[in-house]
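Trainee: Got a predicted model here, sequence first, then my questions.
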Amino acid sequence: MINFITRIAGLVLAFGFFIGCSVLQNSSEQQSAESPDILSEQEFEEYLREVEKQISTNPTADLYLRKGNLLIEWAQLQSDPQQRTEFYQQADLALTKSDSLSDTLTNRGLEDEINQLRQVVWSSEHNEGVQYLQDAQSKDQYRQAGEHFTNASAIMPDSSSSYEMATRAFYKASESQRAITLLEEAQSRLHPPPVQLLESLAFLYMETGEPQKAAQIYNRALSQVTFSFNLMHGLANAYIESKEHQKAADILQELVEKQPNTVRYRKLLAKELYQGGEKQIQTIVDNVQENQSLDQNNFVQADSLFNSAEQQYSYLIDNHSEDMDLYFEAAQFYQNSAAYYQKLLPHLNNQMRKEISDTINRYLSTSLPLLEKMAEEEQPPQQIWQQLYQTYSYLGMEEEAMNVKDNL
């Protein structure tokens, strides 16, 4: 579900890096008159303090550019890429401030210098990440790749490709939370965030057990496209995991309408419709046990959901008669629905009790040929014999009940 830039993309970015090297050299030459070529950590700190002192009294675009350059040079002294990120983030703020203070009409050269400086640093870090990712054989190497991509996104926060590549690297390094943090940051920085990035974030929310957050992101991604089976399927799964059965059923109904022959969509739809009805009936039973009156509207909704689920199972059985897993699911639907209707019987008036009793008998009778078909398989589960015996007995089919009793 998570798609990323390929090896070819990395090579293209490398070309951009070679072009930018001359820019970095020119920028360094310009700075050499103002600062030593090589500074120690302490000297960097002292020099930065001096630049910030000048900014406090006379904030200019040139001074902020100088601060950004200094922070980038300081970052590149760090051998561990993870130690560079904060410097790049501060450099980004300084360069952004420089850009905002410059007059674009008279300082076109300064604006270009800022953009080229960002591009060079971004290309360097991004391409190192690509190289690590291509050669990675261990989780630590994938993590190293992720750190380089993180640095690339820090100096150029609107680079969606660096966020996506970092996500891939951290995911392979088994650091899903790092990937999520980056994608959440990207979502707030990119307007609008790419659909692919949103899909990756939703996927990771699902992977880390946060289906409600996943559903929000899938919905946001869907708002940016006309239609997507992947996004719709992901949203349905998110609602299923969140136990929002009606919302899941609504999405699955749309998928079934677009792909009526896709068995998995119909199976999921039938299951969600059933679970929605089950939830409604359990609510009714809980309420009447607390001496509340039977909610007729809830009952009608539950009955409608069960009927809709039955329609899906009937369609599936008619068109996929050799699928034993389907037979089992359908049989359990009829058995479980009958059991939930039985819970209601003590709380119904005579007329409704007669109607529901007829429905129970019909559901159990419909389950019999499905159970009998499975009983013909080699070594059927003990549950099948148990349900056959109970169903025959309930329906008064004593001879058939005795015939299967020996298998219990």
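Mentor: That came through fine.

Trainee: show me the contacts for the residue nearest to residue 299 when sequence neighbours are not counted.
Mentor: Nearest non-adjacent residue to residue 299, counting by C-beta to C-beta, 6 or more residues apart in numbering: residue 284, 6.0 Å away. Just so you know, the C-beta spots here come from the backbone N, C-alpha and C atoms, and that holds for glycine as well. By C-beta atoms under 8 Å, 6 or more residues apart in numbering, the contact set of residue 284 is 294, 295, 298, 299, 302, 344, 347.

Trainee: Residue 389 - how many residues pack around it?
Mentor: A total of 19 residues lie near residue 389 under the criterion other C-beta atoms under 10 Å.

Trainee: quick one on the thing from earlier: which pair of the contacts of residue 284 spans the longest distance?
Mentor: 302 and 347 (13.3 Å; C-beta to C-beta).

Trainee: Give me the more crowded residue out of these two.
Mentor: residue 302 (24 against 15).

Trainee: which SSE is the closest residue to the more buried one other than its chain neighbours in?
Mentor: Counting by C-beta to C-beta, 6+ apart, residue 280 is the residue found nearest to residue 302 once chain neighbours are left out, at 3.6 Å. Counting by DSSP states H and E, the element that carries residue 280 is helix 263-289.

Trainee: In contact with residue 356, which residues?
Mentor: Here residue 356 is in contact with 341, 344, 345, 348 (C-beta under 8 Å, 6+ apart).

Trainee: can you redo those as TSV with pLDDT and distance to residue 72?
Mentor: Below are the contacts of residue 356 laid out as TSV (pLDDT from 0 to 100; distance: C-beta to C-beta, whole Å):
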residue	pLDDT	distance to residue 72
341	93	71
344	88	71
345	88	76
348	82	76
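
Trainee: ranking the residues you listed by neighbours, who comes first?
Mentor: Busiest of those [other C-beta under 10 Å] is residue 341, holding 21 neighbours.

Trainee: So that residue is in contact with residue 281, correct?
Mentor: Yes: judged on C-beta atoms under 8 Å, residue 341 makes contact with residue 281 at a distance of 7.4 Å.

Trainee: Do you have the strands of this structure handy? List them.
Mentor: Here the chain has no strands by DSSP state E.

Trainee: the bottom helix or strand of it by mean pLDDT?
Mentor: Least confident helix or strand of the chain, by mean pLDDT, DSSP states H and E, is helix 7-32 with a mean of 36.

Trainee: Let's see stretch 368-382 as PDB, backbone CA atoms only.
Mentor: What follows is stretch 368-382, C-alpha atoms only, in PDB (Å, rounded to 0.1, in the frame of the first residue of the first chain):
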ATOM      1  CA  LEU A 368     -29.400 -27.000   7.500                       C
ATOM      2  CA  PRO A 369     -28.400 -27.600   3.800                       C
ATOM      3  CA  LEU A 370     -25.300 -25.600   4.400                       C
ATOM      4  CA  LEU A 371     -24.400 -27.500   7.500                       C
ATOM      5  CA  GLU A 372     -25.200 -30.800   5.800                       C
ATOM      6  CA  LYS A 373     -23.000 -29.900   2.900                       C
ATOM      7  CA  MET A 374     -20.100 -29.300   5.200                       C
ATOM      8  CA  ALA A 375     -20.800 -32.500   7.100                       C
ATOM      9  CA  GLU A 376     -20.100 -34.400   3.900                       C
ATOM     10  CA  GLU A 377     -16.500 -33.100   3.800                       C
ATOM     11  CA  GLU A 378     -13.600 -35.200   5.200                       C
ATOM     12  CA  GLN A 379     -13.300 -34.700   8.900                       C
ATOM     13  CA  PRO A 380     -15.700 -31.800   9.400                       C
ATOM     14  CA  PRO A 381     -15.300 -29.700  12.600                       C
ATOM     15  CA  GLN A 382     -17.100 -30.900  15.700                       C
END
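
Trainee: Give the rounded mean pLDDT of that stretch.
Mentor: Stretch 368-382 shows a mean pLDDT of 93.

Trainee: likewise stretch 65-83?
Mentor: Rounded mean pLDDT across stretch 65-83 is 95.

Trainee: now that stretch: how far from the chain's centre is it?
Mentor: 34 Å (C-alpha atoms, centre = their mean, to the nearest Å).

Trainee: buried set for it?
Mentor: Using 16 or more other C-beta atoms under 10 Å as the test for burial, stretch 65-83 gives 65, 66, 67, 68, 69, 70, 71, 72, 73, 74, 75, 81.

Trainee: swap in stretch 397-408?
Mentor: So for stretch 397-408, counting by 16+ other C-beta under 10 Å, buried means 400, 401, 404.

Trainee: domains in the protein, as residue ranges please.
Mentor: 1-191, 246-408 (automatic domain parsing).

Trainee: circling back: just send the contacts of residue 356 back as CSV, with distance to residue 261 too.
Mentor: Formatted as CSV, these follow (distance: C-beta to C-beta, whole Å):
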residue, distance to residue 261
341, 31
344, 36
345, 39
348, 40
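
Trainee: quick check, nearest of these to residue 359?
Mentor: residue 341 (5.9 Å).
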